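**Q** give the three-dimensional model of this entry:
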Amino acid sequence: MTARPRRADPPPLETNDVRIALGGTAAWAVALVVLLIVGPPKADRWWIWVCVAGIVIGLFATWYIPRLQSGRARQEAERAERRAAESETPAVGGTEAPDA
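**A** Here you go, the predicted structure:
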């Protein structure tokens, strides 16, 4: 039995991560409003703080994600420039004879 050659990996999907973070933040905000309307028993009041923490983390994510993505894009561009510069320079220690 022969092994089939492995196919190339598909390119990564482009997603709107800020929209996803905002969706999660909105879900936590809805949960907080529901809890404030229903009024949980004293033993379960900690759920209110879970919702508040979810909202705070979601707001931080909407601020942080664009900065993270632009930093990654900048690093990738720098790596591509370095690779292009390295491919243009001749190899050191070639087979050329030294000048006499």
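**Q** now do the biggest helix by length in the chain: distance to the chain's middle.
**A** If you go by DSSP state H, the chain has its longest helix at helix 46-88. In terms of C-alpha atoms, centre = their mean, to the nearest Å, the centre of helix 46-88 is found 5 Å from the chain centre.
**Q** what is the rounded mean pLDDT of that helix?
**A** Helix 46-88 shows a mean pLDDT of 94.
**Q** mind giving me the packing neighbours of it?
**A** Helix 46-88 sits against helix 17-38, with contacts defined as 3 or more C-beta pairs under 8 Å, 6 or more residues apart in numbering; DSSP states H and E. Glycine gets a C-beta too; all of them are placed from N, C-alpha and C.
**Q** who's in contact with the helix it packs on?
**A** If you take C-beta atoms under 8 Å, 6 or more residues apart in numbering as the criterion, helix 17-38 is touched by 47-48, 51-52, 54-55, 58-59, 61-62, 65-66, 69.
**Q** ok, now with 10 Å
**A** 16, 40, 44-45, 47-66, 68-69 (C-beta atoms under 10 Å, 6 or more residues apart in numbering).
**Q** separate out the buried members of these.
**A** For these, a burial check counting by 16 or more other C-beta atoms under 10 Å picks out 51, 54, 55, 58, 61, 62, 65.
**Q** between those, which sits nearest residue 88?
**A** Distance ranking of the buried ones among the contacts of helix 17-38 against residue 88, using C-beta to C-beta, places residue 65 first at 35.0 Å.
**Q** right, I'll call it a day here.
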